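[1] coords please:
(one chain, ligands or ions: 1)
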Amino acid sequence: MAEDYDEDDSPVANFDDVDEDIPQRFTGDHPISIRGLRNCFGKQVIHEDLDLDVNRGEILGIVGGSGTGKSVLMRSIIGLQIPDDGTIEVFGNDITAAEPDEVIGVRNRWGVLFQGGALFSTLTVGENVQVPLKQFYRELSQRLLNEISLYKVVMTGLPAEAASKFPNELSGGMRKRAGLARALALDPELLFLDEPTAGLDPIGAAKFDELLRELTDTLGLTVFLITHDLDTLYAICDRVAVLADRQVVAVGTIPELLETEHPWIQEYFNGPRSRAAAATNDRLTDTRGKAMDKPTGAKA
Ligand SMILES: Nc1ncnc2c1ncn2[C@@H]1O[C@H](COP(=O)(O)OP(=O)(O)OP(=O)(O)O)[C@@H](O)[C@H]1O
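    Have a look, this model is predicted:
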């Protein structure tokens, strides 16, 4: 992107040659495709021969008992954990075999919301959102950075004033939204979320879920969502992938998962908490209408 200057000598972006910088959106079926993944820490084997395809446009929930390797799987896909074996294709590129330059070209097409939000406490919310923008688009003027970050903040349902606040001046729910605004800074096609509703009260969690479903549909995102929250699984996930025994042992809609005989799946989805979540979701669907509440891509 070429640099230009406005009347007060601030550099402004020149978008004439911007097409060269922006990759085409991925049009294949599976923005993420994993085969034969193996991850170990010393003698501890976390994943062994793990396969997974994520469908374009879906919200895929990732569940599994504590320590089954959900976060390690996410870290492998975004290049923070080098696998011992296997291939991980993101947008059709095998990132495990890619040169660092190639990984950078893919990295600006995803956004990540880590557990806890991971905002920089010494930066305002707006400045936090500007961090990835500055990293990938060094030519953007401060004026444009301010405008883009404000737009992202408002898009996640925060008031405009939140952009000039520091993270510790916000509630837990607002901090999650601020983290989401930063994850969306680069207009990603893929969004990774690690337990985004952990620590939120049920109403705050339900509102965050609604926002996530709405943004996924309007922005055409594909979402990889690690969660323990059964309400989230029922309310917004198109499919759920279950990690157990070092692999993805099943992936499908919740009714499809219930047809499998895996003991962890039966215990998890047939337990009282799951039945309560299913009943709540059915009640909401009845009250507000199927079209509003059911995930668009859901088969169930
Ligand atoms: N950097 C590391 N070094 C050594 N062991 C690690 C490292 N990161 C993760 N592990 C181990 O890998 C296993 C899987 O961890 P991971 O955080 O992916 O689990 P998880 O499924 O996300 O768990 P939870 O639901 O409790 O968050 C755990 O036994 C953990 O101790």
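
[2] mind listing the helices for the stretch 151-300 of the chain?
    172-183, 202-219, 230-236, 254-258, 263-270, 272-288, 290-293 (DSSP state H, counting those that start in this stretch).

[3] which one of these has the lowest average pLDDT?
    The minimum mean pLDDT among those belongs to helix 290-293 (a mean of 43).

[4] which among the helices of the stretch 151-300 of the chain is found nearest to the ligand?
    helix 263-270 (12.5 Å; Cβ to the nearest ligand atom). For every residue, glycine as well, the C-beta is placed using N, CA and C.

[5] can you list contacts of the closest one?
    V63, G64, G65, V242, A244, V249, A250, I254, L257, L258, T260, S274 (Cβ atoms under 8 Å, 6 or more residues apart in numbering).

[6] and the fifth one, what is it in contact with?
    For A244, the set of contacting residues under the criterion of Cβ under 8 Å, 6+ apart consists of G64, G65, T68, H262, W264, I265.

[7] list the contacts of the second one.
    This points to G65. A244, W264.

[8] any idea of the pLDDT on it?
    93.

[9] what subset of the contacts of A244 is buried?
    Neighbour-count burial (16 or more other Cβ atoms under 10 Å) applied to the contacts of A244 gives G64, T68, W264, I265.

[10] could I get the helices of the stretch 151-300 of the chain as JSON lines with distance to L123?
    Below are the helices of the stretch 151-300 of the chain laid out as JSON lines (distance: least, Cβ to Cβ, whole Å):
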{"stretch": "helix 172-183", "distance to L123": "10"}
{"stretch": "helix 202-219", "distance to L123": "22"}
{"stretch": "helix 230-236", "distance to L123": "29"}
{"stretch": "helix 254-258", "distance to L123": "39"}
{"stretch": "helix 263-270", "distance to L123": "39"}
{"stretch": "helix 272-288", "distance to L123": "36"}
{"stretch": "helix 290-293", "distance to L123": "36"}
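
[11] kindly report the residues of the stretch 1-150 of the chain close to the ligand.
    F41, I46, G64, S66, G67, T68, G69, K70, S71, V72 (Cβ under 6 Å from any ligand atom).

[12] now, which of those lie within strands?
    F41, I46, G64 (DSSP state E).

[13] just confirm T87 is within a strand.
    Yes - residue state for T87 (DSSP: H, G, I helix; E, B strand; the rest coil) corresponds to a strand.

[14] how far away is it from E189?
    20 Å (Cβ to Cβ, to the nearest Å).

[15] who has more neighbours, these two?
    Set T87 next to E189 and count neighbours by other Cβ atoms under 10 Å: E189 wins out with 20 against 14.

[16] follow-up on the earlier one: pull out the buried members of the contacts of helix 263-270.
    V63, G64, V242, A244, V249, A250, I254, L257, L258, S274.

[17] could you redo these as TSV and give each row distance to K152?
    TSV is the format used below for the buried ones among the contacts of helix 263-270 (distance: Cβ to Cβ, whole Å):
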residue	distance to K152
V63	29
G64	31
V242	33
A244	36
V249	37
A250	35
I254	32
L257	34
L258	38
S274	34
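
[18] closest one of those residues to G157?
    The nearest member of the buried ones among the contacts of helix 263-270 to G157, counting by Cβ to Cβ, is V63 at 25.9 Å.

[19] does stretch 219-238 reach the ligand?
    No - counting by Cβ under 6 Å from any ligand atom, the ligand is not contacted by stretch 219-238; separation bottoms out at 6.5 Å.

[20] got the buried residues for that stretch?
    Neighbour counts over stretch 219-238 (16+ other Cβ under 10 Å) mark 221-238 as buried.

[21] who's in contact with the nearest residue to L215 once chain neighbours are set aside?
    Spatial nearest neighbour of L215, excluding adjacent residues (Cβ to Cβ, 6 or more residues apart in numbering): L221 at 6.6 Å. Residues in contact with L221 (Cβ under 8 Å, 6+ apart) are G57, P188, E189, L190, L191, L215.

[22] re the thing from before, among the residues of the stretch 1-150 of the chain next to the ligand, list the two that are farthest apart in space.
    The farthest-apart pair in those, when distances are taken by Cβ to Cβ, is F41 and G64, at 16.9 Å.

[23] perfect, I'm done here.
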